[in-house]
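>>> here's my sequence, what's the structure:
(chains A, B, C and D)
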There are 4 protein chains.
Amino acid sequence: MSAAVAAVADTIAVLRREVAALHAELPRNQLVAWTSGNVSARVPGADLLVIKPSGVAYDEISPANMVVTDLAGTLVDGDLSPSSDTAAHAYVYQHMPHVGGVVHTHSTYATAWAARAEPIPCVLTAIADEFGGEIPVGPFALIGDDSIGQGIVQTLAGHRSPAVLMRNHGVFTIGATAKAAVKAAVMCEDVARTVHIARQLGTPLPIAERDVDALYARYQNAYGQ
Amino acid sequence: MSAAVAAVADTIAVLRREVAALHAELPRNQLVAWTSGNVSARVPGADLLVIKPSGVAYDEISPANMVVTDLAGTLVDGDLSPSSDTAAHAYVYQHMPHVGGVVHTHSTYATAWAARAEPIPCVLTAIADEFGGEIPVGPFALIGDDSIGQGIVQTLAGHRSPAVLMRNHGVFTIGATAKAAVKAAVMCEDVARTVHIARQLGTPLPIAERDVDALYARYQNAYGQ
Amino acid sequence: MSAAVAAVADTIAVLRREVAALHAELPRNQLVAWTSGNVSARVPGADLLVIKPSGVAYDEISPANMVVTDLAGTLVDGDLSPSSDTAAHAYVYQHMPHVGGVVHTHSTYATAWAARAEPIPCVLTAIADEFGGEIPVGPFALIGDDSIGQGIVQTLAGHRSPAVLMRNHGVFTIGATAKAAVKAAVMCEDVARTVHIARQLGTPLPIAERDVDALYARYQNAYGQ
Amino acid sequence: MSAAVAAVADTIAVLRREVAALHAELPRNQLVAWTSGNVSARVPGADLLVIKPSGVAYDEISPANMVVTDLAGTLVDGDLSPSSDTAAHAYVYQHMPHVGGVVHTHSTYATAWAARAEPIPCVLTAIADEFGGEIPVGPFALIGDDSIGQGIVQTLAGHRSPAVLMRNHGVFTIGATAKAAVKAAVMCEDVARTVHIARQLGTPLPIAERDVDALYARYQNAYGQ
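Okay, the predicted model is just below:
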């Protein structure tokens, strides 16, 4: 085994632990029912990704049963079949080189906006911080080929948002790491819920575009450690 | 004890453990208040079913206090009275030979649709996947005789859906196994909630019938391991 | 110590454990925020009750810090001040001899109906089962004298319901035991939520009065062990 | 080290434990998503405060990683950067000498009222008790200078309420102690939710001003131990 191959094997071992652990955030943050969401990470330095196996319960997830595929979604390592959303994750990694992690959920409030094909307006400072503007809607797309991946990539190309609401379906989020994509998925549902509730009794006030820009710039640079 | 009788006794012991364990999914997935939902399993190779006893709290459920009845709902084995919904479960097993598990809940959002006698429209890919179309409404029926069972069987006969919303009452779901019926109950509440929320601020977009068919066919055949 | 006095002391020791344990059901069933709800039990054979102390957090509750008062609400045993709702509980025990337990909460959905002074209509079989009809509204009453107690007793006198929605305030429930009153509080919030959600998108269908009577009669006699 | 300095050091050690422990109440009471809320305490006898570090997860919070700043928000003790909301907390301590604790959240229902810039009307006895009237709305303010702090102080000056809904942003609460401010944050979200739900199906009845005054006076003086 060459040093390069050994390095990739080490990276995959680390990512198996990280991706398995991040799946616990999905039920913990009430983003999923039964087995319906998934997290993946790109394997840096290789055309590979680590993802959840299909139909496995969240409390049965372990580093050992995570699966590795290439960027066509073909199984490379692992005993189980990969998530049926693998093709969409793989397409994102192929076409968005800065993306290191992808998350997919049917989280309730975000999916409700998606069912109406309505973007979430940027009416909270938390939306300006994390999404830099409205959270956009992607097209209706059937599972089974590149359609979902194309819809994600084309929609996110025109936005600062790391989240896209796929019509009649659910949410995909991206990040520099899998953890950042999970954070975006948590924040997307949180703001989808708050704006929904605000809208139930009237119209949320807008935030001026220059204020959205200022909030986004500060949060992306000054927040955290 | 004949070999056949011993095999049924072994099966019942396995199903007592399985049905007891599946009851924990009801509070965990927020489908029940106090003692108001129940899970049963058919005993293959015998005209029997395993079900929850009446009015027992979910954290007092154990394999030992599950009860066994025949398909008329008469107690065959167990120290406690069977669930007051046993007649409905038994009727389903009598008239739907492919059903191996039945679940009943008053889960909040699904019951809200049932209170208005309004089917849940198929406006999410998750509904097409699991239910193959709208989730239908069954008739109002009093407990105490075959009425509820008849309502379930007659309604489900015309649909691919494993869930029926019983008017002014709650949900019954069926499955090849008790676990599949529990999954249907979890997914039914999840989509009932999402479509309700989508409808609060407008009209969810429809999914074309051929797309519903494609999603259902793929999910029933390709999802999971 | 006479035998009669010793018996009361034993009963109080049992009720301290029971009432302390039942308080855990309030946060578990999401009926309370911070310290805002309370459970009491009548001491049979004595004009006494056991109740929560005022302003104590639910995870600091123990049998030892429960307090005992007479039916005027005066402290008889315990190191802490009794709940500020003690006068209301005491009034109920004085005027409703069949009541063995009382619960008070500000549970969200039930309190929302109370804020509009709107009874919860009997449009679910679960309401017919537990409440035997609509859940009625009591008057607005200030804390500090008999007003709340009077409002509870006068309102419940005309109904089969063990729950009353006190206007702009919250819920009081009664039962033969403290556990039965806790069950009524859990079911009251559950049906308040479901009917609220049903009403958001239309009008729940009514249940015929004779069907309500039949459901109530069966549930009160045939349910449970 | 002088006795006075030693006393402040002891106080800080106590407050680090207290503030760290109080952060657990934020997720427990469902007031926060990911890392988005924070608690601080004034250090009595010194122009200092103890606060959460920026972007740290709630289950990684410990007394040791809390940070100490002066009342200009400049780091005085601690290994991590202070919360990006520190300037707002510090401004409150500078200008409201009776305040010993401050909490900031984006809790869902309170933030929904804030998105519409709509105060929460005093239509529940629990609002009269804790807030003594409506919960007011503060101005839209960008993070980064004194704007948010000024908005909090100016708005609360005209109200008995310990909570202010900052427009398009979230909630700030104050208290004599950090624990009292946390209680106000919990109660603010609880009543924001209940009044929202009451309003969805009609108009909550008002409470007469003299009754609000009576409830507030009693609760502030007679409640608790």
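>>> give me the distance between the residue in chain A positioned nearest to chain B and chain C.
Proximity to chain B, evaluated over chain A using CB to the nearest CB, is greatest for A:G55 at 3.1 Å. Heads up, the C-betas are built off the backbone N, CA and C, glycines and all. Distance of A:G55 to chain C, given as CB to the nearest CB, to the nearest Å: 30 Å.
>>> now do A:A181
Here the distance between A:A181 and chain C works out to 30 Å (CB to the nearest CB).
>>> to what extent is the residue of chain A closest to chain B buried, counted in neighbours?
Other residues lying near A:G55 total 16 when counted by other CB atoms under 10 Å in any protein chain shown.
>>> wait, it sits on B:K183?
No: with contact taken as CB atoms under 8 Å, A:G55 and B:K183 are classed as non-touching, separated by 9.9 Å.
>>> quick one, phi/psi of the residue of chain A closest to chain B?
phi 70, psi 20 (degrees, to the nearest 10).
>>> name the nearest residue to it, ignoring sequence neighbours.
B:G224 (3.1 Å; CB to CB, 6 or more residues apart in numbering or on different chains).
>>> model confidence score at that neighbour, please.
Here the pLDDT value assigned to B:G224 is 79.
>>> name the element it belongs to?
Here B:G224, judged by DSSP states H and E, is contained in no helix and no strand.
>>> now the longest helix along chain A, how far from the chain's geometric center?
Looking only at chain A and at elements set by DSSP state H, the helix with the highest residue count is helix A:178-200. When distances are taken as CA atoms, centre = their mean, to the nearest Å, helix A:178-200 is centred 12 Å away from the chain's centroid.
>>> which element follows it toward the C-terminus?
Proceeding N to C from helix A:178-200, the next assigned helix or strand is helix A:209-222, under DSSP H and E.
>>> can you list the buried residues in the longest helix of chain A?
Residues A:178-200 are the ones in helix A:178-200 that count as buried (16 or more other CB atoms under 10 Å in any protein chain shown).
>>> quick one: the strands in chain A, in order.
Applying DSSP state E to chain A gives strands spanning A:38-43, A:48-51, A:67-70, A:75-77, A:101-105, A:137-138, A:163-166, A:170-175.
>>> which residues of chain A lie near chain B?
Proximity of chain A to chain B (CB under 8 Å from any CB of the partner chain) is limited to residues A:33-34, A:36, A:53-56, A:80-81, A:84, A:106, A:108-109, A:111-113, A:115-118, A:140, A:142-144, A:167-170, A:196, A:199-200.
>>> are any of those residues buried, and if so which?
Judged by neighbour count, with 16+ other CB under 10 Å as the criterion, the buried members of the residues of chain A next to chain B are A:33-34, A:36, A:53-56, A:80-81, A:84, A:106, A:108-109, A:111-113, A:115-118, A:140, A:142-143, A:167-170, A:196, A:199-200.
>>> which residues of chain A lie near chain D?
That would be A:29, A:123-126, A:183, A:186-187, A:189-190, A:193-195, A:197-198, A:200-205, A:207, A:211, A:214-215, A:218, A:222-225, which are the residues of chain A within reach of chain D (CB under 8 Å from any CB).
>>> ok, A:G224 to D:H104 distance?
Using CB to CB, to the nearest Å, we find A:G224 at a distance of 16 Å from D:H104.
>>> A:H159 now?
Look at A:H159 and D:H104: by CB to CB, they are 28 Å apart.
>>> quick one, which of the two is more surrounded?
Each of A:H159 and D:H104 had its neighbours counted (other CB under 10 Å), and the higher figure belongs to D:H104 (29 against 16).
>>> who does that one form a beta bridge with?
In this structure, D:H104 has beta-bridge partners D:N38, D:F172, where bridges are defined by DSSP bridges.
>>> find the nearest non-adjacent residue to A:V92, please.
Spatial nearest neighbour of A:V92, excluding adjacent residues (CB to CB, 6+ apart): A:V102 at 5.3 Å.
>>> please name the residues that touch that neighbour.
For A:V102, the contact set (CB atoms under 8 Å, 6 or more residues apart in numbering or on different chains) comprises A:39-40, A:88-89, A:92-93, A:172-175, A:178, A:181.
>>> who wins for most neighbours among these?
Each of the contacts of A:V102 was scored by neighbour count (other CB under 10 Å); the top score is that of A:H89, with 33 neighbours.
>>> I'd say that one and A:S40 touch.
Yes: using CB under 8 Å as the test, A:H89 is close enough to A:S40 to be in contact (4.5 Å).
>>> find residues that contact each of these two.
Between them, A:H89 and A:S40 have A:49, A:51, A:83, A:102 as joint contacts when contacts are counted by CB under 8 Å, 6+ apart.
>>> can I get those in JSON lines with pLDDT?
Below are those laid out as JSON lines (pLDDT from 0 to 100):
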{"residue": "A:L49", "pLDDT": "98"}
{"residue": "A:I51", "pLDDT": "98"}
{"residue": "A:S83", "pLDDT": "96"}
{"residue": "A:V102", "pLDDT": "98"}
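>>> got any ranges where chain A has weak pLDDT?
Counting by pLDDT under 70, chain A shows low-confidence ranges at A:1.
>>> burial measure for A:D146, as a count.
The tally of other residues near A:D146 (other CB under 10 Å) stands at 16.
>>> neighbours of the closest residue in space to it that isn't next to it in sequence, just the number please.
With CB to CB, 6+ apart as the criterion, A:D146 has its nearest non-adjacent residue at 5.6 Å, and that residue is A:Y91. Using other CB under 10 Å, A:Y91 has 23 other residues around it.
>>> these two touch, right, A:Y91 and A:S147?
No: taking contacts as CB under 8 Å, A:Y91 lies outside contact range of A:S147: 9.3 Å.
>>> in chain A, which residue sits closest to chain C?
The nearest approach of chain A to chain C comes at A:Q200, 9.0 Å away (CB to the nearest CB).
>>> my read: that residue touches B:Q200, true?
Yes: taking CB under 8 Å as the contact criterion, A:Q200 and B:Q200 are neighbours in contact, 6.3 Å apart.
>>> how about CSV for the strands of chain A, with distance to D:E18 added?
Conversion of those to CSV gives the following (distance: least, CB to CB, whole Å):
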stretch, distance to D:E18
strand A:38-43, 36
strand A:48-51, 41
strand A:67-70, 46
strand A:75-77, 49
strand A:101-105, 36
strand A:137-138, 45
strand A:163-166, 36
strand A:170-175, 34
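>>> isn't A:G101 up against A:A181?
Yes: between A:G101 and A:A181 there is a contact under CB under 8 Å: 3.8 Å.
>>> okay, and the common contacts of those two?
When CB under 8 Å, 6+ apart defines a contact, the residues bordering A:G101 and A:A181 alike are A:39, A:174-175.
>>> which one of these is nearest to C:P44?
Distance ranking of the shared contacts of A:G101 and A:A181 against C:P44, using CB to CB, places A:V39 first at 56.6 Å.
>>> please list all residues in contact with the closest one.
Residues A:19, A:22-23, A:26, A:51-52, A:101-103, A:178, A:181-182 are the ones in contact with A:V39 under the rule CB under 8 Å, 6+ apart.
>>> which single residue in chain A comes nearest to chain D?
Residue of chain A nearest chain D, by CB to the nearest CB: A:G224 (3.1 Å).
>>> for burial, what's the neighbour tally of that residue?
A count of neighbours around A:G224, defined by other CB under 10 Å, yields 14.
>>> who's in contact with the residue nearest to A:V68 when sequence neighbours are not counted?
Using CB to CB, 6+ apart and skipping the chain neighbours, the partner closest in space to A:V68 is A:D77 (3.9 Å). Applying CB under 8 Å, 6+ apart to A:D77 gives the contacts A:12, A:67-68.
>>> return the member of the residues you listed nearest to B:A163.
A:V67 (30.8 Å).
>>> quick one: A:L48 and A:T69 touch, right?
Yes: applying CB under 8 Å as the test, A:L48 and A:T69 come out as touching, 7.0 Å apart.
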